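> My questions concern the predicted model and sequence given below.
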Amino acid sequence: MSAQDHRTREELLQEIANLKESEESLRQTLDAINDLVFIKDAQSKLVWGNKALCSYYGMSNEEIRGIFDAPFVSQAITAQYIKDDQYVLSTGKVIEVPEEPITRFDGAIAFFNTVKSPIFDTSGKVVKMVGVSRDISARKLTEGELRKSEQRYKAVFEGASDGILVAEIASMKFAYANPSLCKMFGYSEEELIHIGVMGLHPQESLAFVIEDFKAKARGEREITENVPCLKKDGSLFFADISARAITLGDKECLVGFFRDITPRKQAEAERAKLQAQLMHQEKLASIGTLAAGVAHEINNPLSIVMGYIDIVEMECNNHCGKNNQELIPIIKEASRRIATIVNGLRTYVRTDTEHVQAIDLHECINKTIHLVEEIYKKENITLKAQLLAHDYFIKGNAGKIQQVIMNMLSNAKDALRNKLDGCIQIATANDYNAQQGSVWIDIADNGSGIAKEIVEKLFDPFFTTKAPGKGTGLGLSICSTIVKSFGGTISVKSVQGVGTSFKIVFPLSEHELLATALPTPQQEVQHGLFKGKALIVDDEKDIRRLLRMLLSSLGLSVVEADNGETAYNLLKTTKEQFDYVLTDIKMPKMNGDRLITLVKEENIAPKTKFIIITGGLLDDYSCEQNELLIKNTHGYLEKPFTKQDLSLLLELLSSKIG
């Protein structure tokens, strides 16, 4: 062997030594890293694994050498590993598996990113492969949480009822818009991105909008109310806009929240309208209360006027001259008209709105007509009544029924405005097809008529065709409610250019009107002079004086008492019996009804006939109170009254007793 060969051998041994040292160094390096490192042969069997792999599998290098994979790894996963291995071994190419599960010795599964590379021999043939697997479970968990978070925020962004818009501060162009904002403005998201801030507001508001945008971008302002916004179709709406600056990527942006306040503004407008209507109703209620008080106060002096006219007429007969005698009927007729209006007004504004009893429908109609006929005449409107119903008592509330009739007449009058031959016809008739029978009222005018589309809305609350301030839109709705509350129906027919007709149908009442249970002056009897003694109980001196003169002229002797207590003591202590006691109801110290009740309970005056004199028996008392009065009372005289009224009532009571 030559020296050269000897050196070559020495060098070769050194190289082997160096390789072994390098291999050991490499093994130590690979054992020190946390990644799983493994080497497989051409049959895809494990040759070697670093400490991290052995620890993960819970096996030594001797145990893993010669196997495809750990025995606790599922066959399906092992098959995929072998498939990837064979690709590298057959092609000589590097393969990366972004995410694959690897089972640990305790059965736990973690996710790894694996890179597999070929190992070539000196001839360039692939003889082995090396793999490196890095645990990405933590990263995967973080990515999952990020995805969930992104999904949550996306759900909030897309599901929010408010419009959300993201705009770049520098360009004032939009980057994102949620579905609610797209719907609010009528644009698609793609269209909005090309529009920008200035395309969403009317021209006259742009200066304010731009200044507001910049103030929000500087953090000087967060919310602006009542901002005018422009839809794609050109229509205008108002929104409250709150915004805050944020950073998206490398761009400064402003995220804005748009809340359409159109419903709120409409609600505020409706609330203001309703408040005005309620104030109007309260004003009307106050006027009604005042009117009721005025009507009550008028009754007493009116009774005095009408009574003294009768006395003047008696004393003036054939002694006052022809001219004066002609004036008396004129004064009496004027007084009668006042009495009719006052009584109608008192019924119309009565306060017992919930009191239901049998009422005379014809009387309600006549009282309402008397209230308005003179006013309507001045506007060239004629009222014609054809009250042909034979049965006309219904169960209801006189004030409310009169309110319905008044509203119907008022609407008819409005329809006849500027018409020279206006006519309103009020008719009644019966229908006995139903088991109980019914009475209907038809109120028809020859006015302008109502369009079909309006007829369908007439009974809707707050619907009105009148100018602002002229109508609340509640009249017909309230009328409908009142009619239905008494078991009735209301309908309308109208022909434009011909006129309108409202038909109201009520079931007949099964009970007699309470007022008819007491004798009243309206019943026809013959009258003359009477004998006996009468006690007048009234707190008004002039009424007592009038009654004294009238009763005296009818042949009765008279005693006076200024209140119920005085009358009670007089009846209890006097030995004389009174044939009649005429008493007012409302008086100081003791009311008339209390007086009558005490006298009846104590049987003080068993043969005395009690007559109520008042302006509001049915209006001011409940059904129970009326029944008690009827039980204890013999007659009823309504203010204002005349001598003839008083005489008729006394005659009737005398005939009933006789």
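Good, I have the coordinates.
> For the stretch 301-450 of the chain, which segments count as helices?
All helices of the stretch 301-450 of the chain, identified by DSSP state H, counting those that start in this stretch, fall at 322-348, 361-377, 398-415.
> just checking, what packs against the second one?
Just to be clear, that refers to helix 361-377. helix 322-348, strand 381-387, helix 398-415, strand 422-431, strand 438-445 (3 or more C-beta pairs under 8 Å, 6 or more residues apart in numbering; DSSP states H and E). All C-beta spots, glycine's among them, are computed from the backbone N, C-alpha and C.
> Next, the angle from it to helix 398-415.
Interaxial angle, helix 361-377 versus helix 398-415 (axes from the mean of the first three to the mean of the last three C-alpha atoms, to 10 degrees): 30 degrees.
> Provide a list of residue ranges in the stretch 501-650 of the chain with pLDDT below threshold.
Residues of the stretch 501-650 of the chain meeting the criterion pLDDT under 70: 510-528, 615-626.
> what about the strands in it?
533-537, 557-561, 580-584, 609-614, 635-638 (DSSP state E, counting those that start in this stretch).
> I figured Phe72 hits Ala108, correct?
No. At 10.7 Å, Phe72 does not count as touching Ala108 under the criterion of C-beta atoms under 8 Å.
> Looking at those two, which is more packed in?
Phe72 (13 against 10; other C-beta atoms under 10 Å).
> and the closest residue to that one other than its chain neighbours, how far is that from Ile64?
What sits nearest to Phe72 in space, not counting adjacent residues and going by C-beta to C-beta, 6 or more residues apart in numbering, is Thr103, at 6.0 Å. In this view, Thr103 and Ile64 are 14 Å apart by C-beta to C-beta, to the nearest Å.
> any residues in contact with both of the two?
Overlap between the contact sets of Thr103 and Ile64, as judged by C-beta atoms under 8 Å, 6 or more residues apart in numbering, is given by Ala70.
> Least confident secondary structure element in this protein?
helix 617-620 (a mean of 50; mean pLDDT, DSSP states H and E).
> before we move on, back to that, any idea which of the helices of the stretch 301-450 of the chain is most buried?
helix 398-415 (a mean of 22; mean count of other C-beta atoms under 10 Å).
> In terms of secondary structure, what does that one contact?
Looks like helix 398-415 contacts helix 322-348, helix 361-377, strand 422-431, strand 438-445, helix 475-485, strand 499-507, helix 617-620 (3+ C-beta pairs under 8 Å, 6+ apart).
> which stretch in those is the model least sure about?
Note on these: lowest mean pLDDT is at helix 617-620, with a mean of 50.
> What residues sit buried inside the helix or strand containing Asn113?
Using DSSP states H and E, Asn113 sits within strand 109-120. Judged by neighbour count using 16 or more other C-beta atoms under 10 Å, the buried positions of strand 109-120 are 110-114, 116, 118-119.
> what's the spacing between Glu168 and Gly249?
For Glu168, the distance to Gly249 - C-beta to C-beta - is 11 Å.
> Between the two, which is the more surrounded one?
Neighbour comparison, Glu168 and Gly249: the larger count goes to Glu168, with 16 against 6 (by other C-beta under 10 Å).
> Any buried residues in stretch 68-86, and which?
68-70, 73, 78, 81-82, 84-85.
> picking that back up, same list (the helices and strands packed on helix 398-415) but as CSV, adding distance to Gly58.
Output for the helices and strands packed on helix 398-415, formatted as CSV (distance: least, C-beta to C-beta, whole Å):
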stretch, distance to Gly58
helix 322-348, 102
helix 361-377, 103
strand 422-431, 101
strand 438-445, 98
helix 475-485, 86
strand 499-507, 95
helix 617-620, 103
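> Of all these, which one is nearest Ser25?
helix 475-485 (99.5 Å; C-beta to C-beta).
> list the buried ones in that closest one?
Within helix 475-485, judged by 16+ other C-beta under 10 Å, the buried ones are 475-480, 482-483.
> Go through the residues you listed and say which is closest to Thr262.
Ser477 (25.8 Å).
> Ile490 versus the closest one, what's the distance?
For Ser477 relative to Ile490 (C-beta to C-beta), the value is 11 Å.
> Give me the distance between the host helix or strand of Leu53 and the centre of its chain.
Here Leu53, judged by DSSP H and E, is contained in helix 51-57. Centre-to-centre, helix 51-57 and its host chain are 73 Å apart (C-alpha atoms, centre = their mean, to the nearest Å).
> which residues sit against it?
By C-beta under 8 Å, 6+ apart, helix 51-57 touches 31, 33-38, 49, 60-61, 64, 70, 102, 104-105.
> Over to stretch 105-114?
36, 56-59, 70, 72, 84, 96-104, 131-137, 140.
> same deal with stretch 554-562?
529-539, 541, 544, 547-548, 551-552, 567, 570, 578-580, 587, 643, 646-647, 650.
> picking that back up, could I get the helices and strands packed on helix 361-377 as CSV with distance to Cys229?
Below are the helices and strands packed on helix 361-377 laid out as CSV (distance: least, C-beta to C-beta, whole Å):
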stretch, distance to Cys229
helix 322-348, 51
strand 381-387, 51
helix 398-415, 41
strand 422-431, 50
strand 438-445, 47
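> Relative to Leu571, how far out is the closest residue in space to Ser501 that isn't next to it in sequence?
Ranked by C-beta to C-beta, 6+ apart and with sequence neighbours excluded, the top spatial neighbour of Ser501 is Ala444, at 3.9 Å. Distance, Ala444 to Leu571, by C-beta to C-beta: 55 Å.
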